[in-house]
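Trainee: with the sequence up front, the predicted model follows.
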Amino acid sequence: MGVLRDNPALSLFLCLAVGYLVGKLRFGPIALGGICGTLIVSLLLGAQHVSVDDDVKDVFFALFIFSLGYMAGPQFFANLNRGSLRFFTLCFIELVCVLGIAYGLAKAFDLDVGTASGILAGAATESAVVGTATEAIGKLGDLTADQVNEYQGHVATAYTVCYLFGLITIVLYTSQIMPMILRINLADASRQLWEKMRGGSSGLESDEREALPGMVGRTYLVTLADGRSVGDLEAAYGGRITVEGVKRGSKLLTPDPGLELTLSDLVQVVGLRSAIIDAGRDIGPETPAVPGLDTPLATSQVAVTEKETIGATIDRLQKRHPEFRKDGVYVTDVLRNEQHLPASGETVLARGDVLTLVGARGGLNRLVKKLGAVVKNDSTDFVYIGFGIVAGSLLGQIVVNAGDVPLSLGTGGGCLISGLLFGWFRSRSQTFGAFPPQAASTLKDMGLAVFIACTGLAAGPQAWPLLKEYGALLPFAGIAMVLVPATISLIVGRKFLKIEKPLLIGAIAGQQCSTPAITSVTQVAQSSVPLLGYTITYTLSNFLLPLTGPILVGVLGA
């Protein structure tokens with residue numbers, strides 16, 4: 001242990017490596033996850049008086065909380081509308097319940113502020129609350145330095161136990177029990193809802209692809225269309241086909257509308273499959289791919305910035321832009337807040353959504369210019385990100401006095417708000433402030449993991465005494481604080497809000513900010529449909545739940 005005590009970097013990354021290894025252990029559908037595993041390992045090492053400087057914890061917490069806000073910003077502001085009000089209601093139920101239960105337990109069992117905050121963070125399965133509550137405890141003016149360290153240690157210990165039981169409860173409740181309560185087969189219900197959203201066409205399993213894709217390309221030898229112009233040929237099929245290339249002898253010609261086709265020309269045509277088949281009867285026999293003429297389909301990722309597109313369905317988008325049909329361009333994926341949504345006609349688009357468009361390059365480029373901006377996420381803009389964290393840190397230093405009580409957002413609250421604003425501002429054009437999703441996710445996960453490891457190491461000496469004192473209470477709190485808000489949301493969501501059952505189950509997983517839960521739900525559903533409800537509540541709760549830590553600390557510490 002002497003080596004670990006003398007080498008903080010060694011002990012820190014040992015916690016991460018072993019913790020994430022422990023987090024991979026599975027018990028049926030349940031996995032602890034890397035964060036919980038890291039906290040368990042760090043508590044064990046911390047009991048041997050291994051520690052890391054507090055400044056490391058503060059720096060990585062700022063990175064985590066800013067990245068969290070940055071990633072959630074576009075969807076958070078997009079969801080502040082009347083259409084998302086019913087999902088906001090579920091988040092409100094979650095906030096009221098977890099705060100009320102945590103406060104009630106603190107008063108009933110005379111819990112200190114650290115233990116109560118840890119119960120709140122763990123039972124709500126929201127790791128960010130550990131950071132905001134720990135920081136808020138450090139700002140309580142009537143505590144000694146030893147009390148601050150003790151209570152901050154209690155946050156980590158209570159969080160570990162409650163998180164474990166809360167995680168198991170929310171995963172089993174959403175993926176296994178809720179479908180039985182609602183009397184549905186989740187896979188069948190999700191498929192039926194998807195078919196309805198797709199206008200009656202059947203959905204595909206996650207490992208299935210269309211055997212007959214709607215968009216195809218073919219090469220024909222001109223034997224029947226001698227003398228017809230490219231423009232006339234395209235017009236004859238109502239814009240359902242486009243001529244992408246013409247080869248005459250050894251020359252490649254530009255397929256301008258006025259170009260007249262002659263016998264033995266080779267013509268590449270791209271468009272809807274049914275129209276392409278009919279076009280072959282008018283042009284001539286199909287030929288194999290011709291070198292130099294076989295134009296590949298291009299792919300582009302476009303951020304939704306066009307004002308008329310925001311709030312529209314994909315069907316409305318395609319009707320408003322006839323180029324989709326005319327040039328044979330298709331939406332194949334919708335990426336929202338790291339979640340892939342079904343690219344069905346009924347999917348409603350929001351600002352910041354990233355659409356994957358596939359089609360022939362000429363038509364694709366023309367359409368991209370109208371819809372939004374090509375996503376530039378090839379490298380991180382550290383100038384933009386750096387100033388964002390600076391702005392958040394400065395915002396957190398502002399103190400407002402409410403009577404004799406000084407109130408401030410702290411680094412956590414300040415960086416969360418700045419992250420939301422900087423992420424939202426970036427999403428409006430996606431041409432500056434690049435923060436690739438993989439990089440943002442890595443920085444978020446790394447920041448939280450390091451923060452949790454530092455917290456666990458510091459909390460290690462206080463862990464065992466707290467477990468002996470409140471051992472039976474913590475598992476009960478972890479289970480109760482999941483079942484109560486989830487059950488109320490289930491009743492309200494069905495009886496009053498009329499949310500479709502698969503979406504409701506996903507939304508309840510989202511209000512709990514539980515990625516393991518939604519992963520299990522989508523596996524049972526064999527569909528991504530529940531994600532449509534999950535993304536809205538997850539985004540809102542990801543912002544709102546971390547604020548409950550300082551609120552509870554402030555109320556109990558007053």
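Mentor: Now that the structure is in, tell me what you want to look at.
Trainee: which stretches of the stretch 201-350 of the chain form helices?
Mentor: For the stretch 201-350 of the chain, the helices defined by DSSP state H, counting those that start in this stretch occupy 230-236, 273-283, 314-320, 323-326.
Trainee: just name the most buried of these.
Mentor: Mean neighbours per residue, mean count of other C-beta atoms under 10 Å, is largest over the helices of the stretch 201-350 of the chain for helix 323-326, with a mean of 19. Glycine gets a C-beta too; all of them are placed from N, C-alpha and C.
Trainee: the closest residue to Ala289 other than its chain neighbours bridge partners, please.
Mentor: For Ala289, ignoring the flanking residues on the chain, the nearest one in space by C-beta to C-beta, 6 or more residues apart in numbering is Thr219 at 6.1 Å. Taking DSSP bridges as the rule, Thr219 bridges to Gln268, Thr287.
Trainee: and for Thr219, the neighbour number?
Mentor: Around Thr219 there are 21 other residues, counting by other C-beta atoms under 10 Å.
Trainee: wait, it touches Gly284, no?
Mentor: No. In this structure, Thr219 is not within contact of Gly284 by C-beta atoms under 8 Å, at 10.4 Å.
Trainee: which residue ranges form the helices in the stretch 351-500 of the chain?
Mentor: 361-371, 382-396, 410-427, 437-470, 473-495.
Trainee: with the stretch 1-150 of the chain instead?
Mentor: With DSSP H, counting those that start in this stretch as the criterion, the stretch 1-150 of the chain has helices at 2-6, 8-23, 34-46, 54-78, 85-108, 113-123, 128-138, 145-172.
Trainee: with mean neighbour count and distance to Ala439 as extra columns, can I get those in JSON lines?
Mentor: Below are the helices of the stretch 1-150 of the chain laid out as JSON lines (neighbours: other C-beta atoms under 10 Å; distance: least, C-beta to C-beta, whole Å):
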{"stretch": "helix 2-6", "mean neighbour count": "12", "distance to Ala439": "30"}
{"stretch": "helix 8-23", "mean neighbour count": "18", "distance to Ala439": "18"}
{"stretch": "helix 34-46", "mean neighbour count": "24", "distance to Ala439": "18"}
{"stretch": "helix 54-78", "mean neighbour count": "23", "distance to Ala439": "9"}
{"stretch": "helix 85-108", "mean neighbour count": "20", "distance to Ala439": "28"}
{"stretch": "helix 113-123", "mean neighbour count": "31", "distance to Ala439": "26"}
{"stretch": "helix 128-138", "mean neighbour count": "27", "distance to Ala439": "19"}
{"stretch": "helix 145-172", "mean neighbour count": "24", "distance to Ala439": "27"}
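Trainee: would you convert those into TSV that also reports distance to Gly231 and mean pLDDT?
Mentor: What follows is the helices of the stretch 1-150 of the chain, written out as TSV (distance: least, C-beta to C-beta, whole Å; pLDDT from 0 to 100):
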stretch	distance to Gly231	mean pLDDT
helix 2-6	76	81
helix 8-23	60	89
helix 34-46	59	83
helix 54-78	41	81
helix 85-108	49	92
helix 113-123	65	90
helix 128-138	58	84
helix 145-172	59	84
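Trainee: of all those helices, which lies closest to Asp378?
Mentor: helix 54-78 (17.2 Å; C-beta to C-beta).
Trainee: specify the angle between that closest one and helix 128-138 in degrees.
Mentor: Relative orientation of helix 54-78 and helix 128-138, computed by axes from the mean of the first three to the mean of the last three C-alpha atoms, to 10 degrees: 120 degrees.
Trainee: which secondary structure element of this structure has the lowest mean pLDDT?
Mentor: strand 405-408 (a mean of 56; mean pLDDT, DSSP states H and E).
Trainee: what's the closest of the helices of the stretch 201-350 of the chain to Leu420?
Mentor: Nearest of the helices of the stretch 201-350 of the chain (C-beta to C-beta): helix 314-320, 26.6 Å.
Trainee: which strands or helices does the closest one pack on?
Mentor: helix 323-326, strand 330-336 (3 or more C-beta pairs under 8 Å, 6 or more residues apart in numbering; DSSP states H and E).
Trainee: that one: how far from the chain's middle?
Mentor: Offset of helix 314-320 from its chain centre (C-alpha atoms, centre = their mean, to the nearest Å): 25 Å.
Trainee: for Lys196, find the nearest of the helices and strands packed on helix 314-320.
Mentor: Of the helices and strands packed on helix 314-320, nearest to Lys196 by C-beta to C-beta is strand 330-336, at 17.4 Å.
Trainee: separation between Phe476 and Cys162?
Mentor: In this structure, Phe476 and Cys162 are 9 Å apart, going by C-beta to C-beta, to the nearest Å.
Trainee: with Arg82 instead?
Mentor: Distance of Arg82 to Cys162, given as C-beta to C-beta: 35 Å.
Trainee: ok so, going back, so which of the helices of the stretch 351-500 of the chain gets nearest Gly141?
Mentor: Closest approach to Gly141 among those (C-beta to C-beta): helix 410-427, 13.9 Å.
Trainee: what is that closest one packed up against?
Mentor: Packed against helix 410-427 by the contact rule (3+ C-beta pairs under 8 Å, 6+ apart) you find helix 54-78, helix 128-138, helix 382-396, helix 531-557.
Trainee: distance to Glu260 added to these, as a markdown table?
Mentor: Output for those, formatted as a markdown table (distance: least, C-beta to C-beta, whole Å):
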| stretch | distance to Glu260 |
| --- | --- |
| helix 54-78 | 49 |
| helix 128-138 | 66 |
| helix 382-396 | 53 |
| helix 531-557 | 50 |
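Trainee: give me the nearest residue to Val96, chain neighbours excluded.
Mentor: Spatially, and ignoring its direct neighbours in sequence, Val96 is nearest to Pro485 (8.0 Å; C-beta to C-beta, 6+ apart).
Trainee: wait, Asp278
Mentor: Once flanking residues are discounted, Asp278 sits nearest to Tyr237: 7.0 Å by C-beta to C-beta, 6+ apart.
Trainee: could I get the phi/psi values of that neighbour?
Mentor: Note on Tyr237: its backbone torsions stand at phi -110, psi 20 [degrees, to the nearest 10].
Trainee: Ala72 touches Gly423, doesn't it?
Mentor: Yes. Using C-beta under 8 Å, Ala72 is in contact with Gly423, at 6.9 Å.
Trainee: just to revisit the earlier point, to Ser418, which of the helices of the stretch 1-150 of the chain lies closest?
Mentor: Among the helices of the stretch 1-150 of the chain, the nearest to Ser418 by C-beta to C-beta is helix 54-78 (6.5 Å).
Trainee: what's the angle between that closest one and helix 437-470?
Mentor: Using the same axes, to 10 degrees: helix 54-78 against helix 437-470 is 120 degrees.
Trainee: so what pLDDT did the nearest residue to Gly231 once chain neighbours are set aside get?
Mentor: Nearest non-adjacent residue to Gly231, counting by C-beta to C-beta, 6+ apart: Pro257, 3.1 Å away. Predicted confidence (pLDDT) at Pro257: the value is 87.
Trainee: one step back: pLDDT wise, what is the residue nearest to Asp278 at?
Mentor: What the model reports for Tyr237 is a pLDDT of 82.
Trainee: contacting residues for it?
Mentor: Counting by C-beta atoms under 8 Å, 6 or more residues apart in numbering, Tyr237 touches Gly271, Ala275, Asp278, Ala279.
Trainee: isn't the first one right up against Ile241?
Mentor: It refers to Gly271. Yes. Contact criterion C-beta under 8 Å: Gly271 and Ile241 qualify, at 3.4 Å.
Trainee: that older thread, out of the helices of the stretch 351-500 of the chain, which one sits most buried?
Mentor: Highest mean neighbour count among the helices of the stretch 351-500 of the chain (mean count of other C-beta under 10 Å): helix 410-427, with a mean of 24.
Trainee: give me the angle between it and helix 128-138.
Mentor: Angle of helix 410-427 versus helix 128-138, following the same axes, to 10 degrees, is 140 degrees.
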